[in-house]
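Chemist: next input, structure requested:
(chains A and B)
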Amino acid sequence: MTGYSLEEAVGKQAINLLHNPDTDKRPYDAVRDKLMQGEYVSFEIQNVTKNGEKVWLSVQVSPTLDEHGEVARFVAIQTDITEKVKAQQELEKLSLVASKTNNGVLITSKDWKIEWANDGFTRLMGYTLNEAVGKRPSELLHCHKTDKTSFTAVEAKLLGGEAITFEILNTKKNGEEVWLSVEVTPVLGENGEPCRFIEVQTDITALKKSELELGKLAKDLCRQNNDLQQFNYIVSHNLRAPVANALGLAQLLKKINKHSPLYDLSLVNLEKSVSQLDAVLKDMNTILSVRDGNGNLEHEQVHVAAVVQEALASLQEPFQNCGGVVINAVAEDLVVRANRAYLYSIFYNLLSNAVKYRAEDRPLQVQIKSFGSSEEGAFISFSDNGSGFDMSKAKDKVFKLYKRFHTDRKGRGIGLYLIKAHLEAVGGHIEVTSQIGKGTRFLIYLPKIEHENIYS
Amino acid sequence: MKTYIVDDDSLSIFLTKTTLMLENATLDIKDFLSGTEALEALQSGGKDAIPDILFLDLNMPGMDGWEFLDAIEPLIPELYDRCSIYILTSSLDTSDTVKIKDYSIVSGLIHKPISSEDIELVFSQHILSGKNSRQ
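Modeler: I've put the predicted structure just below:
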């Protein structure tokens, strides 16, 4: 312990051997008189080993008395308590820092029960030390919006003895939501396993909010950029095509005989081109009116079955003309959060597509079903036995503007694009599966009634 | 001279055809409303079906112009010395001009509407290139 051998130590005074100029002799001086009177004493003192290392010793000295009652010998038992003293000093330093900091600091047992909390924790979360002690942070601070996955993702690391950091949404005593960055350091026991956790919480609500806002902004920007690209596409392809035709026909008219049948035909075609140009401009207007509403769109509670009925009523004639049958199995009480006009337009488009792309060799049959509920969000499926299309060829183009997959039917390639835009505007989405000669199935998802909002 | 027009827009076909005929009334013009139709004609007709000039639209439903070019890949050894292919598109997309460089069979790109000057250039280029469908 001290580094001195018996030979080296014999005949030396313990004080001369082990003390150095830095040694604080006061603990010894305080008990010296007692000792000289023959009493048992105990003190802690910092000594120096032979090789100059400082060592904290707990010293127990028992004086042995001779037959005259005089002190004859001392038996001193020294115990090395350097580690213990260091740990205590650390804890004192830590709690000094911890009680002053604005961060919340918790010390918990290995099963997460709070043993100690600093003032910062009370200021941050509203709970006093007394209220917190014995509770787990999770039962005290979590709410239904708390997503624990950020913690569970790193939990194993913590149990392995490493410090972890995660971000989590908690609630204060007054119910206010607060985003915390939490750093947990395990205190390891002698067996190498965590026996305590020290948890430091930092309020990052402001940061998190601006982060989420930024994310939303980026998403909006991305969408607007997509819109712009789509717009660019419309201008370069669909607007340009009838303009090119009109331009060419006008040049042609100058060159041909005014009294020839070719002249009349060219004139008719010129008019057609200009009408097509007008149709594209009207499409653009429709598309922009969907897009304008995005974000501040009127959301209302809509009875799905009623809107399906409405769409079916306006398509009664085309269905009758082709001998088509609709099996409507939409739950009567299904209510979704959407825009009624959009929902109508979606159903109308899907049903009129079913008529348009029916198979010629069999009577059209459309099945409309609903799944889910108003609380969880609803799925509505439209399945037909129509001509279908090749999924591998269509790939991601199905819902793109002015993309068409049937060369033998009329269409401008705008219907499915509008459906997708409408659904996205109300927070839903659409998927499609199809098989040539078998039919097509569209699956619509509509969000639940209560839309959760992080800012609410 | 045998000429094919591949375009899904019948108005555009009318315009291209009439403009071509005004420049050269002796042309033998065939039109196809889709890439698939034109491909079938080329595949089943043998050497006799190969035109001198083929005007190809890009933006078509089903098989578009690029897909048509990919589909005729196996026929290129026969087409190369006989046929000049020109992209005839209403699109002003500059990326198309870059993309045609990947297709050696494509002789050039023309923006619609086709003009008399375009037609003159196409025919003089075709003759200069030494390509000839009657080889």
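Chemist: for the closest residue to chain A within chain B, give me its contacts.
Modeler: Nearest to chain A in chain B, going by C-beta to the nearest C-beta, is B:Pro113, at a distance of 2.5 Å. For glycine as for every other residue, the C-beta is placed from the backbone atoms N, C-alpha and C. Counting by C-beta atoms under 8 Å, 6 or more residues apart in numbering or on different chains, B:Pro113 touches A:Ala244, A:Asn245, A:Leu247, A:Gly248, A:Leu249, A:Gln251, B:Leu15, B:Thr16, B:Thr19.
Chemist: look up how far A:Lys254 lies from the closest residue to A:Leu315 other than its chain neighbours.
Modeler: In space, and not counting its chain neighbours, A:Leu315 is closest to A:Leu351: 5.2 Å by C-beta to C-beta, 6 or more residues apart in numbering or on different chains. To A:Lys254, A:Leu351 is 47 Å away according to C-beta to C-beta, to the nearest Å.
Chemist: low-scoring stretches of the stretch 1-150 of chain A, by residue?
Modeler: Counting by pLDDT under 70, the stretch 1-150 of chain A contains low-confidence residues at A:90-91, A:94, A:96-97.
Chemist: in chain B, what helix or strand scores lowest on average pLDDT?
Modeler: helix B:94-99 (a mean of 88; mean pLDDT, DSSP states H and E).
Chemist: tell me which residues in it are buried?
Modeler: B:Asp96, B:Lys99 (16 or more other C-beta atoms under 10 Å in any protein chain shown).
Chemist: over to stretch A:127-139?
Modeler: In stretch A:127-139, counting by 16+ other C-beta under 10 Å, buried: A:Tyr127, A:Ala132, A:Lys135, A:Pro137.
Chemist: state the phi and psi torsions of the second one.
Modeler: Yep, that's A:Ala132 we're talking about. Backbone torsions for A:Ala132, taken as degrees, to the nearest 10, come to phi -90, psi -30.
Chemist: quick one on the thing from earlier: didn't the residue nearest to A:Leu315 look like it was pressed against A:Phe382?
Modeler: Yes. Counting by C-beta atoms under 8 Å, A:Leu351 does reach A:Phe382; the two are 7.3 Å apart.
Chemist: contact partners for the closest residue to B:Asp7 other than its chain neighbours?
Modeler: Residue nearest to B:Asp7 in three dimensions, not counting chain neighbours: B:Asp57, with 4.0 Å by C-beta to C-beta, 6+ apart. Counting by C-beta under 8 Å, 6+ apart, B:Asp57 touches B:Val6, B:Asp7, B:Asp8, B:Asp9, B:Ser12, B:Gly65, B:Ile87, B:Leu88, B:Thr89.
Chemist: quick one on the thing from earlier: what mean pLDDT does the helix or strand following the least confident helix or strand of chain B get?
Modeler: Next along the chain after helix B:94-99, taking DSSP states H and E as the criterion, comes strand B:106-111. For strand B:106-111, the mean per-residue pLDDT is 95.
Chemist: the helix or strand just after strand B:106-111 close to chain A?
Modeler: Following strand B:106-111 in sequence order, the next helix or strand is helix B:116-129 (DSSP H and E). No. Against chain A, helix B:116-129 shows no contacts by C-beta under 8 Å from any C-beta of the partner chain, the least distance being 8.5 Å.
Chemist: A:Gln301 belongs to a strand?
Modeler: Yes. Assessed by DSSP: H, G, I helix; E, B strand; the rest coil, A:Gln301 belongs to a strand.
Chemist: leaving out chain neighbours, which residue sits closest to it?
Modeler: Nearest to A:Gln301 is A:Val335, by C-beta to C-beta, 6+ apart, at 5.1 Å.
Chemist: check contacts around that neighbour.
Modeler: Contacts of A:Val335 (C-beta under 8 Å, 6+ apart): A:Gln301, A:Val302, A:His303, A:Val304, A:Ser374, A:Ile449.
Chemist: can you pull the phi/psi pair for it?
Modeler: According to degrees, to the nearest 10, A:Val335 has phi -120, psi 130.
Chemist: let me see the confidence value for it.
Modeler: With respect to pLDDT, A:Val335 scores 86.
Chemist: what helix or strand does A:Lys400 sit in?
Modeler: Per DSSP H and E, there is no helix or strand for A:Lys400.
Chemist: against A:Ile414, how distant is it?
Modeler: 10 Å.
Chemist: who has more neighbours, those two?
Modeler: More neighbours surround A:Ile414 than the other of A:Lys400 and A:Ile414, with 21 against 16 (other C-beta atoms under 10 Å in any protein chain shown).
Chemist: hang on, the more buried one packs against A:Asn285?
Modeler: No. Contact criterion C-beta under 8 Å: A:Ile414 and A:Asn285 do not qualify, at 11.7 Å.
Chemist: OK, contacts around A:Asn349?
Modeler: A:Gly415, A:Leu416, A:Leu418, A:Ile419.
Chemist: sitting in helices, which of these do you find?
Modeler: Within the contacts of A:Asn349, residues falling in helices by DSSP state H are A:Gly415, A:Leu416, A:Leu418, A:Ile419.
Chemist: and those, which are buried?
Modeler: Members of the ones in helices among the contacts of A:Asn349 classed as buried by 16+ other C-beta under 10 Å are A:Gly415, A:Leu416, A:Leu418, A:Ile419.
Chemist: would you check how far apart the last one and B:Thr3 are?
Modeler: By that I understand A:Ile419. 41 Å.
Chemist: sheet partners, orientation included, of the helix or strand hosting A:Glu183?
Modeler: Per DSSP H and E, A:Glu183 falls inside strand A:177-188. According to DSSP bridges, strand A:177-188 forms sheet pairs with strand A:164-171 (antiparallel), strand A:194-203 (antiparallel).
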